[in-house]
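**Q** What follows is a predicted structure for the sequence shown.
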Amino acid sequence: MHKPDTRTVSNRIAQQCARAMQADGHDPAEFFRRTGITPAQLDEPGGRINAERHRRMTAYAQQLPQHRGLLDLDVTHWFSHYSGIAHVCFNRPTLRSALHELLHLRGLIGEFDFMLMSENGTRIEIEYLSEFCPAGGAMQALANFRMLSLVARAYDDGAPTAFHAGFQGKAPWFAPAIAECFGATAAFGQARNTLTFDAPALDRPFAQFNAMLAPHALRHAQGQLQQLRGAQLFSARVEQAIIDLLGRQGAGNADGAALLPALCDGLAMNRWTLQRQLQQEQTSFRALELRAKSRESRRLLRETSLSVAEIGDRLGFSSQSAFTRFFKNQFELPPARYRQDAAGA
């Protein structure tokens with residue numbers, strides 16, 4: 001069994017994708033079915049989407065025609081969504097520092113793609129790599145390159161910087177609009193997704209730099225990133241891994257006796273190491289198992305038509321009455337009442 005992937009991406013990416021697909025005439029229910037993302041996960045303020053669901057969404061989007069609705073060339077609104085990044089990147093002492101911080105803070109948006117920067121004299125090349133689109137990712141690269149170009153142009157002193165973009169795959173029908181955004185014709189059918197530009201003033205002091213505000217903005221953004229990564233405590237990873245296992249184990253294999261060895265296998269560690277690491281965070285496998293089953297039971301009651309008995313069986317309870325007792329102890333109402341209240345909310 002593979003080791004669970006605990007990286008995440010902002011749910012704003014999924015929100016944009018879902019809205020664009022709906023605008024292009026796609027059934028919203030099909031988006032949720034194909035990606036595994038739930039309406040609650042999509043709408044949660046500041047929510048994050050896990051690796052598997054993001055991979056499924058990316059694969060689904062890759063199968064669809066490249067309609068204009070699936071692309072937002074005007075990415076300026078992204079800076080309002082990720083104000084921590086904007087406050088840092090538009091107020092650095094030099095363009096080099098701004099680019100460095102943008103590449104570093106991109107984890108606030110997502111952790112599944114990368115932009116690598118290289119220099120050749122005054123020539124800068126940014127290469128975009130998407131983990132889930134090894135043979136493509138041109139549309140994802142386009143949005144990221146557009147965001148980077150807006151940061152770079154904020155440091156222009158004179159004529160606007162011209163960006164030469166190269167993308168894998170065929171040219172879409174809106175290629176002229178891409179050229180207009182970057183100030184130069186984009187090339188398609190390339191081996192890599194790249195953005196190149198001349199930056200002779202890469203280390204020239206930025207005239208609008210506010211030295212008083214800059215360190216505060218940087219500390220705030222770094223704190224956001226640290227908080228995001230800190231949220232991925234080992235216990236949080238274990239809890240999510242248990243939830244993932246509950247969806248794969250099948251009826252009769254979701255009790256603690258079956259989950260624990262499967263969990264250790266997935267985490268590539270023995271039971272002693274697992275328990276020791278959980279003790280360091282003042283919790284245990286049993287506590288996380290109960291919490292995971294509490295979360296999953298509510299989700300299944302809200303989002304599926306499975307009967308109470310089927311949900312109890314899926315979560316490893318010996319009978320419907322055992323599951324009902326567990327649920328009432330956790331939430332002070334029976335599962336059927338919870339489902340009824342959730343449906344009427």
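**A** Yep, that arrived.
**Q** Surely His54 touches Phe112?
**A** Yes: counting by CB atoms under 8 Å, Phe112 is a contact partner of His54 at 6.0 Å. For every residue, glycine as well, the C-beta is placed using N, CA and C.
**Q** neighbour count winner among the two?
**A** Neighbours were counted for His54 and for Phe112 using other CB atoms under 10 Å; His54 has more, 28 against 21.
**Q** now that one, nearest residue through space, not along the chain?
**A** Residue nearest to His54 in three dimensions, not counting chain neighbours: Val9, with 4.9 Å by CB to CB, 6 or more residues apart in numbering.
**Q** Quick check: beta-bridge partners of that neighbour?
**A** Applying DSSP bridges to Val9 gives these bridge partners: Ile49, Gly110.
**Q** Just the element for the residue lying farthest from the centre of the chain, please.
**A** The outermost residue of the chain relative to its centre, with distances by CA atoms, centre = their mean, is Ser321 at 38.2 Å. Per DSSP states H and E, Ser321 falls inside helix 320-331.
**Q** could you say what helices and strands that helix packs with?
**A** helix 285-303, helix 308-314, helix 335-344 (3 or more CB pairs under 8 Å, 6 or more residues apart in numbering; DSSP states H and E).
**Q** out of those helices, deepest packed?
**A** Across those, averaging neighbours per residue (mean count of other CB atoms under 10 Å) puts helix 308-314 on top, at a mean of 20.
**Q** Centre of the chain to it, how far?
**A** Here helix 308-314 is found 31 Å from its chain centre; the criterion is CA atoms, centre = their mean, to the nearest Å.
**Q** what does stretch 107-120 give?
**A** Distance, stretch centre to chain centre, for stretch 107-120: 14 Å (CA atoms, centre = their mean).
**Q** And for stretch 14-28?
**A** 17 Å.
**Q** Just the strands from the stretch 51-200 of the chain, written as ranges.
**A** Using DSSP state E, counting those that start in this stretch, the strands found in the stretch 51-200 of the chain span residues 113-120, 123-130, 164-167, 187-188, 193-198.
**Q** Take these and write them to a markdown table, including mean pLDDT, mean neighbour count and distance to Ala292.
**A** Listed next are these as a markdown table, based on pLDDT from 0 to 100; neighbours: other CB atoms under 10 Å; distance: least, CB to CB, whole Å:
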| stretch | mean pLDDT | mean neighbour count | distance to Ala292 |
| --- | --- | --- | --- |
| strand 113-120 | 88 | 14 | 29 |
| strand 123-130 | 91 | 19 | 30 |
| strand 164-167 | 94 | 23 | 41 |
| strand 187-188 | 93 | 14 | 46 |
| strand 193-198 | 95 | 21 | 38 |
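**Q** Go through the helices and strands packed on helix 320-331 and name the closest to Gly36.
**A** helix 285-303 (10.8 Å; CB to CB).
**Q** Who are the packing partners of that closest one?
**A** helix 39-43, helix 234-249, helix 256-267, helix 271-280, helix 308-314, helix 320-331, helix 335-344.
**Q** Hey, what's the angle from the fourth one to helix 234-249? Just curious.
**A** Just to be clear, that refers to helix 271-280. 130 degrees (axes from the mean of the first three to the mean of the last three CA atoms, to 10 degrees).
**Q** how near is Pro334 to Arg34?
**A** Using CB to CB, to the nearest Å, Pro334 is found at 33 Å from Arg34.
**Q** Over to Gln330?
**A** Taking CB to CB, one finds Gln330 at 31 Å from Arg34.
**Q** Compare the helices and strands packed on helix 320-331 and give me the one nearest Ala152.
**A** Closest of these to Ala152 is helix 285-303, at 42.8 Å (criterion: CB to CB).
**Q** and that closest one with helix 256-267, angle?
**A** 100 degrees.
**Q** Settle this for me: Leu116 is touching Asn144, isn't it.
**A** No: counting by CB under 8 Å, Leu116 does not reach Asn144; the two are 11.7 Å apart.
**Q** could you point out where the stretch 1-150 of the chain is predicted with low confidence?
**A** Within the stretch 1-150 of the chain, the ranges that satisfy pLDDT under 70 run 1-6, 64-75, 132-136.
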